[in-house]
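**Student:** Okay, structure incoming, though there's no sequence with it:
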């Protein structure tokens, strides 16, 4: 019988599903290994061939680890809350749960078709109430915790309350808001419940406060910074503006230093580590206060260059800074308000990226320099961000280029502060010289000046040394429907948690999925949705990253209704050993997951400081677009004539994308093209050698470019094993590469060759029990070693090439020996599980057992060469090859060579002067 991928693959996929072949248990003495893919959002479009790349790699590794004797946890689920389903609900009225369920079914069908060895009994969905019950529970723990800096960990809020009751705020060293009160135990006890709760909110790890957010009116929600591109929403391209709102936030900044330290302990790609380091942005410097007498307040700035303080000639506030309105004089109000309105239309990322535009507005007010007492102008400008540092900077134009350009633009003073500064053309930030124009630090070096300045500022109570982080607390709310409800109700304007036994707090039904007419989130539409019938619930839902911040724990124990995962399961699986996913999550999901993991460790639920030991970012599979060339008439309008690529330069043409699925090896199916669009029905073609050749270009895979390739189509034509091998064959896992179907037939032919090793010319199964030859053992053990080495270092593409070489060698050797072929298919099985399952069963093994068969043991003896085919030369001219044993000595070699009849023929009776013998290299006869 011939190789029939369709029947074989369906047969084994059904077998695995019915038998639960890949179901994982903790009841084993095998070592554990946890392999995880970043779970997908189930979009309506389904998977294209780029999506499974990482999944295939992780599946190969999982199957390999099983062969190596590991108990492998390899689960899959769905990050199923998200904006697309909600937008579809807004447009159609269909509940997002229905859309999500339909999309998940489509994904599951596609994933099953590729033959993944997932333990589907552990599937999770973030939108399932049995899952988000625990997302809500974790939020409740965050709300009920504070960060004790002395212990360097989170603790129950009860321990903080006990401290307040015993000694007030004395000795409390917490990560908290800036505006905390200082009080005694007696004063604390005298506070009303509301006053106590309001103060505790400043310490909680989940808290409410007014924040500047990316507000997208069209989507009716707040967007994270990474969801805003060039001032518009990533999804839909809608305008985004800066807006102040009461928002839930999580105090991730409390963990900033631990998040940095943890990066030293993980095996992650260096670019991701660097992105997280930069995002956290630790900097050491000083906090400095500039008094504002007219308001009886101070403007606090953070600076890493306190040594430049005598060069300050103005202060710049973020346009959103809370003091701007009070500082703005009537004469400047129109200009300042216009500038604030203009800034609100830019995202923070745009403001940070735009380093060339100089803009700002003078408030009309002045602050006092903390050391000289001189007046310093107060400006606003969009290059200062309200959420970074204090939202205010002390401007030193002689030492900072942005301040320099600002001062030049608005004609503000520039004071040199070092005897080595050159500020003719630009700011000069060097620290090499000695200070000038700098009061009591004149003549000092940088190392001398910094401690002297900090001591002076502390003496004046106008500054102190401080460590700052660029990272801000994470906004934890979206004004949309399709997300986890926040388990909070409000009493007298303050948030309180519902009871744990009341979890999950379910999403209520609403009449439509838009904000209310009064601007409240969609949950405001729910009728009679009140806690205990009287208190208002929180109307925002959790952000899209909430469920993904802890989901790897749920796979350990997905059916547990008493805990997010049992202690026994967590103690067994510990952390994810291998995590594969995209680098686009570097400063989102991967950071939030590490934060939640550390928090749950602090509370004693597990012992792992980091959740993902090794991370691999798979590259993107890009689209390979095809183009046809439409001939334009004299007026530049399109005709119905299309010219082949090689002839297009002879005409005035315009390139048009064409569906890659009607192109094969860059040759257009002209009849299918005529049916591609109605206006192409009467198309005429100018051909090359009877064919229409399309142009090509590598671009992102997208519907608009007609270059999306559906894996279902590839599997239908060539099979899942071919798809799996081919995606690995395209190139190194971490690199981006174009999808090119042109080479896929070669992989399909390779699998047919594998099949033919087990069958005779008539298609009958034909495997011999004879002892293999040395050459056959050598081919087998080369591939055993090569694949083991390649998989361990995640070099999957080079294994595919090696398989092809091995099978070609065995084909040439006409090998059909059981001892060779059985081990060969075990080695191949992680890459091509369906064909190897079939052949394993044909060999008489119990069906399904190949997944847990031992990986063949490499024997280096088979790779040791016992003989060598020496090139024999006469007077340096190569004449022939002669195979000789490598253990012969020089005398024996000389005797055998000179006695050989063919050698004698080449010598033609001439006297031999000497024989030059280099073992394992050459033999040269000198006559």
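**Tutor:** Ah, there it is. In this text the structure is predicted, and so the values were computed from the model without any measurement.
**Student:** so what secondary structure elements neighbour the helix or strand of the chain with the lowest mean pLDDT?
**Tutor:** Ranking every helix and strand in the chain by mean pLDDT, DSSP states H and E puts strand 221-223 at the bottom, with a mean of 75. In terms of contacts (3 or more C-beta pairs under 8 Å, 6 or more residues apart in numbering; DSSP states H and E), strand 221-223 is packed against strand 206-216. All C-beta spots, glycine's among them, are computed from the backbone N, C-alpha and C.
**Student:** Give me the sheet partners of the strand it packs on and which way each runs.
**Tutor:** Paired neighbours of strand 206-216 in the sheet (DSSP bridges): strand 221-223 (antiparallel), strand 241-250 (antiparallel).
**Student:** rank these by pLDDT, which is bottom?
**Tutor:** Of all the strands paired with strand 206-216, the minimum mean pLDDT falls on strand 221-223 (a mean of 75).
**Student:** Report pLDDT for residue 239.
**Tutor:** 87.
**Student:** Can you say which of the strands paired with strand 206-216 is packed in most?
**Tutor:** Comparing those by mean neighbour count (mean count of other C-beta atoms under 10 Å), strand 221-223 ranks first with a mean of 24.
**Student:** same question for the helix or strand just after it, mean pLDDT?
**Tutor:** Where DSSP states H and E defines the elements, the next helix or strand beyond strand 221-223 is strand 228-229. For strand 228-229, mean pLDDT rounds to 79.
**Student:** still on that earlier bit, residue 213 is nearest to which of the strands paired with strand 206-216?
**Tutor:** Closest approach to residue 213 among the strands paired with strand 206-216 (C-beta to C-beta): strand 221-223, 4.4 Å.
**Student:** got a markdown table for the strands paired with strand 206-216, with distance to residue 589 too?
**Tutor:** Below are those laid out as a markdown table (distance: least, C-beta to C-beta, whole Å):
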| stretch | distance to residue 589 |
| --- | --- |
| strand 221-223 | 15 |
| strand 241-250 | 14 |
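**Student:** who wins for proximity to residue 358 among these?
**Tutor:** Using C-beta to C-beta, the strands paired with strand 206-216 put strand 241-250 closest to residue 358, at 19.7 Å.
**Student:** What is whichever helix or strand comes after that closest one packed up against?
**Tutor:** Downstream of strand 241-250, the next assigned helix or strand under DSSP H and E is helix 256-262. The contact analysis (3+ C-beta pairs under 8 Å, 6+ apart) places helix 256-262 against helix 270-280, strand 282-292, helix 589-602.
**Student:** Can you tell me which of the ones you listed is most buried?
**Tutor:** Most buried of the helices and strands packed on helix 256-262, by mean neighbour count (mean count of other C-beta under 10 Å): helix 589-602, with a mean of 22.
**Student:** which residues touch the next helix or strand after it?
**Tutor:** Using DSSP H and E, the helix or strand that follows helix 589-602 in sequence is strand 612-617. If you take C-beta atoms under 8 Å, 6 or more residues apart in numbering as the criterion, strand 612-617 is touched by 36, 54, 57, 266-269, 272, 552, 575-583, 590, 593, 733-734, 794.
**Student:** Which of these fall in helices?
**Tutor:** Counting by DSSP state H, those place 54, 57, 272, 552, 590, 593 in helices.
**Student:** per-residue confidence at the second one?
**Tutor:** The pLDDT attached to residue 57 in the predicted structure is 97.
**Student:** That one: neighbour count?
**Tutor:** 24 (other C-beta atoms under 10 Å).
**Student:** so how far is residue 608 from it?
**Tutor:** According to C-beta to C-beta, to the nearest Å, residue 57 and residue 608 sit 24 Å apart.
**Student:** Same check on the first one?
**Tutor:** With distances defined as C-beta to C-beta, the gap from residue 54 to residue 608 amounts to 23 Å.
**Student:** Those two: who's more crowded?
**Tutor:** residue 54 (21 against 16).
**Student:** pretty sure that one contacts residue 618?
**Tutor:** Yes - contact status for residue 54 versus residue 618: in contact at 3.8 Å, counting by C-beta atoms under 8 Å.
**Student:** who touches both of those two?
**Tutor:** 580, 581, 582, 733.
**Student:** who wins for most neighbours among those residues?
**Tutor:** residue 580 (25 neighbours).
**Student:** For stretch 455-470, which outside residues touch it?
**Tutor:** Outside stretch 455-470, the residues within contact range by C-beta under 8 Å, 6+ apart are 253, 256, 278-289, 291, 298, 302, 304, 306, 370-371, 388-389, 440, 453-454.
**Student:** Go again with 6 Å.
**Tutor:** Identification of contacts with stretch 455-470 by C-beta atoms under 6 Å, 6 or more residues apart in numbering yields 253, 256, 280-284, 286-289, 302, 370, 388-389, 454.
**Student:** Check stretch 346-358 too.
**Tutor:** 214, 225, 228, 231, 240, 382, 385, 405, 406, 409.
**Student:** Can I get the shared contacts of residue 54 and residue 618 in a markdown table including distance to residue 317 and pLDDT?
**Tutor:** Output for these, formatted as a markdown table (distance: C-beta to C-beta, whole Å; pLDDT from 0 to 100):
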| residue | distance to residue 317 | pLDDT |
| --- | --- | --- |
| 580 | 45 | 97 |
| 581 | 40 | 95 |
| 582 | 38 | 89 |
| 733 | 48 | 94 |
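**Student:** Of those residues, which belong to strands?
**Tutor:** Among the shared contacts of residue 54 and residue 618, the members falling in strands (DSSP state E) are 580, 581.
**Student:** Distance to residue 187 for the shared contacts of residue 54 and residue 618 - can I get that in JSON lines?
**Tutor:** Shown next, in JSON lines, are the shared contacts of residue 54 and residue 618 (distance: C-beta to C-beta, whole Å):
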{"residue": "580", "distance to residue 187": "54"}
{"residue": "581", "distance to residue 187": "50"}
{"residue": "582", "distance to residue 187": "52"}
{"residue": "733", "distance to residue 187": "61"}
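**Student:** tell me the two of the ones in helices among the contacts of strand 612-617 that are most distant?
**Tutor:** Every pair in those was compared (C-beta to C-beta); the two farthest apart turn out to be 57 and 593, at 20.3 Å.
**Student:** how near is the closest residue to residue 684 other than its chain neighbours to residue 690?
**Tutor:** Using C-beta to C-beta, 6 or more residues apart in numbering and skipping residues adjacent in sequence, the residue nearest residue 684 is residue 641, 4.8 Å away. Going from residue 641 to residue 690 by C-beta to C-beta gives 17 Å.
**Student:** For these two, indicate the residue with more neighbours.
**Tutor:** Neighbour comparison, residue 641 and residue 690: the larger count goes to residue 641, with 16 against 5 (by other C-beta under 10 Å).
**Student:** Let me know the secondary structure of that one.
**Tutor:** Here residue 641 is recorded as strand under DSSP: H, G, I helix; E, B strand; the rest coil.
**Student:** per-residue confidence for it?
**Tutor:** pLDDT at residue 641 comes out at 96.
**Student:** Correct me if wrong: it contacts residue 683.
**Tutor:** No - counting by C-beta atoms under 6 Å, residue 641 stays clear of residue 683, with 7.5 Å between them.
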